[in-house]
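Undergrad: predicted model follows, preceded by the sequence.
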Amino acid sequence: MRLIPRALCGAARAAWRESFPLGGHAVARWFPGHMAKGLKKMQSSLKLVDCIIEVHDARISFGGRNPLFQETLGLKPHLLVLNKMDLADLKERQKIIRHLEGEGLKNVIFTNCVKDENVKQIVPMVTELIGSSYRYHRGESLEYCIMVIGVPNVGKSSLINSLRRQHLRKAPFCPAGKATRVGGEPGITRAVMSRIQVCERPLMFLLDTPGVLAPRIESVETGLKLALCGTVLDHLVGEETLADYLLYTLNRHELFGYVQHYGLGEACDDIVSVLKRVAVKLGKTQKVKVLTGTGDVNVIQPNYPAAARDFLRTFRSGLLGPVMLDRDTLQSHPSAGAQGHRPAETDP
Ligand SMILES: Nc1nc2c(ncn2[C@@H]2O[C@H](COP(=O)(O)OP(=O)(O)OP(=O)(O)O)[C@@H](O)[C@H]2O)c(=O)[nH]1
């Protein structure tokens with residue numbers, strides 16, 4: 001993504017919103033019945049499990065994880081995999097890790113399961129975690145059984161497929177390494193829990209689980225971040241609301257890739273105006289009947305929902321640049337002030 005000259009965004013800067021109006025949005029209904037079933041099933045399988053791998057989206061490193069996982073599955077050794085690192089702004093990766101350590105999350109790894117980045121480190125980490133913990137009645141068992149959990153669409157199935165590609169190149173039944181279904185929409189893995197081999201030595205099986213959201217998401221804004229990352233179906237939030245939250249976020253983070261991507265000329269904080277120009281640019285218009293004093297007249301209008309869908313899709317594919325949706329939490333962390341004078345920590 002090319003950076004755009006500051007002059008292009010200067011005009012709109014004064015008008016950027018400081019906050020996003022959250023009133024009127026409900027999040028409770030984002031927890032469908034199959035998720036409650038899934039969580040119950042996961043709890044009942046816990047005795048078969050030696051370690052839990054929790055997958056989450058690296059763009060929301062701190063929010064949106066399901067607190068029920070912690071409460072009900074928290075007794076086992078735990079590894080947090082922050083996936084989709086290719087879409088996340090990780091300039092401050094060390095600060096993120098320190099923040100998570102402060103929350104008691106000591107075992108954290110960033111991955112890209114599409115390109116198999118960092119996935120090789122997982123089996124040794126899990127083996128070490130299990131080796132240094134008490135396995136209760138599973139001490140005799142030579143095989144390791146790992147449960148993969150996480151909210152929907154964060155890449156749980158992709159992680160399993162990636163592990164198989166890394167460790168079972170000659171898997172007899174799955175030459176392409178695909179053991180579990182991957183999808184761009186949340187809710188692909190339903191209540192079924194499949195047991196899938198991912199490694200020969202040590203002999204390791206993973207249980208793929210359905211994505212389970214918290215019955216109550218901590219705040220409406222966290223819900224919007226989850227939705228931006230594709231964790232809840234767009235129509236439950238409303239594509240245009242979501243597109244507006246995306247625009248608000250991009251402008252606040254000074255990520256102006258959308259201006260060039262859609263040839264808008266300058267940044268703007270008004271979603272109606274942006275979607276109108278996106279629709280015209282993409283040729284997405286629709287006929288609408290308007291009742292006038294002399295009868296019905298057909299007028300051509302921009303197709304706002306289609307423009308909103310394109311805006312969201314473009315963002316999710318990474319074309320608008322990497323983003324850290326929990327940037328505010330990171331900046332409000334106590335260590336942020338102490339390091340304020342230091343240059344941003346970049347990863348090796
Ligand atoms: N860019 C990027 N996309 C990824 C990565 N990992 C997974 N995806 C994509 O994210 C989408 C969801 O992946 P899944 O593996 O189906 O996610 P899941 O958590 O199993 O989904 P549910 O079954 O809904 O709970 C798919 O379109 C994947 O191709 C990653 O590291 N980077």
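TA: Received, thanks. Numbering: from 1, shown residues only.
Undergrad: in a helix, residue 244, correct?
TA: Yes - per DSSP: H, G, I helix; E, B strand; the rest coil, residue 244 lies within a helix segment.
Undergrad: skipping adjacent residues, who's closest to it in space?
TA: Leaving aside its sequence neighbours, residue 244 sits nearest to residue 271 (C-beta to C-beta, 6 or more residues apart in numbering; 4.0 Å). Yep, even glycine has a C-beta here, placed from its N, CA and C like the rest.
Undergrad: so which bits of the stretch 201-348 of the chain are right by the ligand?
TA: For the stretch 201-348 of the chain, the contact set with the ligand under C-beta under 6 Å from any ligand atom comprises 210, 211.
Undergrad: please read off the pLDDT at residue 166 from the model.
TA: With respect to pLDDT, residue 166 scores 88.
Undergrad: measure it to residue 198 for me?
TA: Distance, residue 166 to residue 198, by C-beta to C-beta, to the nearest Å: 8 Å.
Undergrad: these two: which is more packed in?
TA: Counted by other C-beta atoms under 10 Å, residue 166 and residue 198 do not tie: residue 198 has more neighbours, with 27 against 16.
Undergrad: in a strand, that one, correct?
TA: Yes - under three-state DSSP, residue 198 falls within a strand.
Undergrad: tell me the contacts of residue 307?
TA: 243, 275, 276, 278, 279, 282, 284 (C-beta atoms under 8 Å, 6 or more residues apart in numbering).
Undergrad: what is the helix or strand harbouring residue 274 packed up against?
TA: Per DSSP states H and E: residue 274 is located in helix 271-282. Where contact means 3 or more C-beta pairs under 8 Å, 6 or more residues apart in numbering; DSSP states H and E, helix 271-282 is packed against helix 239-252, strand 295-302, helix 304-316.
Undergrad: partners of the shortest one, with directions?
TA: Here the strand partners of strand 295-302, with direction, are listed using DSSP bridges: strand 285-292 (antiparallel).
Undergrad: so what touches the strand it pairs with?
TA: So strand 285-292 is in contact with 279, 296, 297, 298, 299, 300, 301, 302, 303, 306, going by C-beta under 8 Å, 6+ apart.
Undergrad: tell me how far that strand lies from the chain's centre.
TA: 38 Å (C-alpha atoms, centre = their mean, to the nearest Å).
Undergrad: same check, this time on stretch 46-63
TA: Centroid separation for stretch 46-63 versus its chain: 13 Å, with C-alpha atoms, centre = their mean.
Undergrad: what's the average pLDDT for that stretch?
TA: 92.
Undergrad: buried set for it?
TA: 49-63 (16 or more other C-beta atoms under 10 Å).
Undergrad: the residues you listed: which two are farthest apart?
TA: The largest separation in these, counting by C-beta to C-beta, is between 50 and 59 at 29.4 Å.
Undergrad: and the residue of this structure nearest the ligand?
TA: residue 211 (2.8 Å; C-beta to the nearest ligand atom).
Undergrad: how about the nearest residue to that residue, chain neighbours excluded?
TA: Using C-beta to C-beta, 6+ apart, the nearest residue to residue 211 is residue 152, at 2.8 Å.
Undergrad: could you verify that that neighbour is part of a strand?
TA: No - Residue 152: not assigned to a strand; according to three-state DSSP it is coil.
Undergrad: can you count the residues close to residue 208?
TA: Neighbour tally, residue 208, other C-beta under 10 Å: 21.
Undergrad: what ranges does the protein have for its helices?
TA: For the chain, helices defined by DSSP state H occupy the ranges 6-13, 33-44, 67-73, 93-102, 122-131, 156-167, 220-228, 234-237, 239-252, 257-261, 271-282, 304-316, 327-331, 334-338.
Undergrad: the residue of the chain closest to the ligand and residue 107, how far apart?
TA: Distance, residue 211 to residue 107, using C-beta to C-beta: 21 Å.
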